[in-house]
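1. return a 3D structure for these sequence lines:
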Amino acid sequence: MKKVKSVFVCQNCGFQSPKWAGRCPHCGEWSTMIEEIETSGTEDLSFPPAKPILYKDVRQAQQQRLQIKIGELNRVLGGGLVLGSLVLIGGEPGIGKSTLLLQVSRDFAEEGKKVLYVSSEESLEQTKMRGERLGIGKGELYLLAETNLEKIISHALELKPQVFILDSVQTVFSSSLSSSTGTISQVREVTNQVFRFAKKNNICSFLVGHITKEGSLAGPKSLEHMVDVVLYFEGERDHSHRILRAFKNRFGPVSEIAVFNMESTGLKAISNPSAFFLKERPEGESGSVAVCTIKGSRPLLAEIQALVSSTLFVGNPRRMTIGLDHYRTAMLLAVIEKKLGFGFGGQDVHMNVAGGLFIREPAADLGILAALVSCIKNKPVPLDLTLLGEIGLSGEVRSVSQTLARIKEAASLGFKSVVLPKGNLPELNKKSINNIDLIGVRNIKETVDVLF
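-> Have a look, this model is predicted:
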């Protein structure tokens, strides 16, 4: 016999309470506690009961993958789409999630695979209009416009597709719950049932999730824990390029990115993002520096820009960063002031990574330093020079990882010089690196002497 009880669930963080509260005790948001009916009953027996197995008797299964024609998407997924996996793609409305998945559906259908695309937000006619623009032709691509999860699963079991796409998880409801569509309980239940359906039938599945105004997946974090792969689709609507990031991947590396360009015929993958982000770099301008960062397993060159100007807020200058860690940038400003003697007390400092990238790794520290000093001295850094290295609080330049891959990426784009930590030179001397000058530095004073 199932027991029924009423609970109040925060729609922002998922916190549950037996009593209503105007403000969530966990996340502090107001008016987010919604009453929902929670049922508990017998265990779900759709899967056979598990039994303990001796470690040496467990067979290591081969991860079979479906290759996607979009090579950049394959890279982000870790080499292809694993059979039975559940992939969550999040992003703001209109960013291109449905377009990308329709392109994936088209490619699989053209290869002879059976695809079921469930659109719970748009009609079949609207979906086909987008499909005509993307050039969808022959193949077993089935469309379904439905919001009831049980009916969707029933159709999927009858059709037995190899690829299943649900767009989107916030607009589908399960009739086993009495709560409204889009609530925390509904999103969890829908995701859980799709997850079990994908695992039991070994079907590659995609879920589309919307981004809330706070910038997180509506769900929120509990939804990310229930899936195998989490991808975020980012980009400004005023710009044509889009960035797809992997934030969680049980079958490959995280922090991988793929860059796409939105065109009239759909999303086109950019195979050389470094050249794309550096193509509009200004020539002969101070405050512009190229750095080589690592995104997942890929070396990527990006442009860091700095602007230092007199402040209007005496005693409280502004420190603005876009695409960089604010606290690390503030630390580097303090190191520059202490070790090099430059003063930022009466200056506003603005830092930006061109192209909408976000750089977190410390290897970009030397690039930030060079951009700031270049702007203060009003002397440009050579266009054919790039920097990499971490800066410590004493002003020392520390070694970084994957140096060879970074240098080869810089050399392939025509860079002639690389300023890097001296500690990385011994390992590089054993490698064959042609047509590029390696300049080792021990501290930030040597770096400024080399550059200016």
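
2. helix, strand, or coil at the residue nearest to Asp167 when sequence neighbours are not counted?
-> Closest residue in space to Asp167, ignoring its immediate chain neighbours: Val208 at 4.3 Å, by C-beta to C-beta, 6 or more residues apart in numbering. C-beta: built from backbone N, CA, C; applies to glycine. For Val208, the secondary-structure state derived from DSSP: H, G, I helix; E, B strand; the rest coil is strand.

3. residues contacting Val208?
-> Val208 is in contact with Leu88, Ile89, Gly90, Lys97, Ser98, Leu101, Ile165, Leu166, Asp167, Ser168, Val169, counting by C-beta atoms under 8 Å, 6 or more residues apart in numbering.

4. mind doing that once more with 6 Å?
-> Val208 is in contact with Ile89, Lys97, Asp167, Ser168, counting by C-beta atoms under 6 Å, 6 or more residues apart in numbering.

5. what residues are bridge-paired with it?
-> Ile89 (DSSP bridges).

6. what do you get for Ser288?
-> Going by DSSP bridges, Ser288 forms beta bridges with Gln305.

7. my guess is it contacts Gln305. True?
-> Yes. At 5.5 Å, Ser288 and Gln305 qualify as touching, with contact defined as C-beta atoms under 6 Å.

8. anything in contact with each of the two?
-> If you check Ser288 and Gln305 against C-beta under 6 Å, 6+ apart, no residue is contacted by both.

9. now tell me which helix or strand of this structure has the poorest mean pLDDT.
-> Among the helices and strands of the chain, strand 33-40 carries the lowest confidence by mean pLDDT, DSSP states H and E, at a mean of 72.

10. for the closest residue to Ile257 other than its chain neighbours, give its distance to Phe8.
-> Leaving aside its chain neighbours, Ile257 sits nearest to Lys295 (4.7 Å; criterion: C-beta to C-beta, 6+ apart). Distance from Lys295 to Phe8, counting by C-beta to C-beta, to the nearest Å: 41 Å.

11. out of the two, which sits in the more crowded spot?
-> Between Lys295 and Phe8, counted using other C-beta atoms under 10 Å, the more crowded position is Lys295 (24 against 17).

12. any stretches of this protein with poor pLDDT?
-> Scanning the chain with the threshold set as pLDDT under 70 gives 1-4, 38-48, 60-63, 212-222, 236-239, 430-432.

13. that one: helices as residue ranges?
-> Assigned by DSSP state H, the helices in the chain fall at 71-77, 97-110, 124-134, 149-159, 184-201, 221-225, 273-278, 326-340, 365-377, 403-412, 425-429, 444-451.

14. mind putting the ones you listed in JSON lines, mean neighbour count and distance to Asp57 included?
-> Converted to JSON lines, the helices of the chain look like this (neighbours: other C-beta atoms under 10 Å; distance: least, C-beta to C-beta, whole Å):
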{"stretch": "helix 71-77", "mean neighbour count": "21", "distance to Asp57": "31"}
{"stretch": "helix 97-110", "mean neighbour count": "22", "distance to Asp57": "36"}
{"stretch": "helix 124-134", "mean neighbour count": "14", "distance to Asp57": "47"}
{"stretch": "helix 149-159", "mean neighbour count": "16", "distance to Asp57": "32"}
{"stretch": "helix 184-201", "mean neighbour count": "20", "distance to Asp57": "21"}
{"stretch": "helix 221-225", "mean neighbour count": "15", "distance to Asp57": "29"}
{"stretch": "helix 273-278", "mean neighbour count": "19", "distance to Asp57": "45"}
{"stretch": "helix 326-340", "mean neighbour count": "16", "distance to Asp57": "48"}
{"stretch": "helix 365-377", "mean neighbour count": "25", "distance to Asp57": "49"}
{"stretch": "helix 403-412", "mean neighbour count": "19", "distance to Asp57": "40"}
{"stretch": "helix 425-429", "mean neighbour count": "12", "distance to Asp57": "42"}
{"stretch": "helix 444-451", "mean neighbour count": "18", "distance to Asp57": "57"}
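
15. can you put those in CSV and add distance to Gly355?
-> Shown next, in CSV, are the helices of the chain (distance: least, C-beta to C-beta, whole Å):
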stretch, distance to Gly355
helix 71-77, 16
helix 97-110, 19
helix 124-134, 25
helix 149-159, 38
helix 184-201, 33
helix 221-225, 26
helix 273-278, 4
helix 326-340, 18
helix 365-377, 14
helix 403-412, 16
helix 425-429, 28
helix 444-451, 23
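
16. gap between the residue nearest to Phe195 when sequence neighbours are not counted and Val169?
-> Setting aside the residues directly before and after it, Phe195 is nearest to Leu86 in space (C-beta to C-beta, 6+ apart), at 5.1 Å. Distance from Leu86 to Val169, counting by C-beta to C-beta: 11 Å.

17. also Leu141?
-> 21 Å.

18. quick check: nearest residue in space to Gly266, chain neighbours excluded?
-> In space, Gly266 is closest to Leu134, 4.7 Å off (C-beta to C-beta, 6+ apart).

19. cool, Ser399 as well?
-> Gly423 (3.9 Å).

20. what's the answer for Ser176, then?
-> Glu189 (6.8 Å).

21. if I read this right, the one you found contacts Ser174, doesn't it?
-> Yes. Look at Glu189 against Ser174 with C-beta under 6 Å: they come within range, at 4.6 Å.

22. quick revisit: quick check, nearest of the contacts of Val208 to Pro299?
-> Ile89 (25.1 Å; C-beta to C-beta).

23. ok, the closest one touching Leu231?
-> Yes. Under the criterion of C-beta under 6 Å, Ile89 makes contact with Leu231 at 4.8 Å.

24. okay, now the domains of this protein?
-> 3-40, 64-271, 276-451 (automatic domain parsing).

25. return the distance of Ile322 relative to Pro49.
-> Taken as C-beta to C-beta, the span from Ile322 to Pro49 is 53 Å.

26. and for Phe277?
-> 52 Å.

27. then Val441?
-> Val441 is 62 Å from Pro49, by C-beta to C-beta.

28. between the two, which is the more surrounded one?
-> Val441 (21 against 6).

29. what residues are bridge-paired with that one?
-> Applying DSSP bridges, one finds that Val441 bridges with Pro421.

30. contacts only, for Ala290.
-> Leu301, Glu303, Thr386 are the contacts of Ala290 under C-beta under 6 Å, 6+ apart.

31. skipping its backbone neighbours, what lies nearest it in space?
-> In space, and not counting its chain neighbours, Ala290 is closest to Thr386: 4.4 Å by C-beta to C-beta, 6+ apart.

32. quick one: contacts for the one you found?
-> Applying C-beta under 6 Å, 6+ apart, the residues contacting Thr386 are Ala290, Cys292, Ala410, Phe415, Val418.

33. equivalent analysis for Trp30, please.
-> Arg23.

34. kindly state the beta-bridge partners for it.
-> Assigned bridge partners for Trp30, using DSSP bridges, are Arg23.
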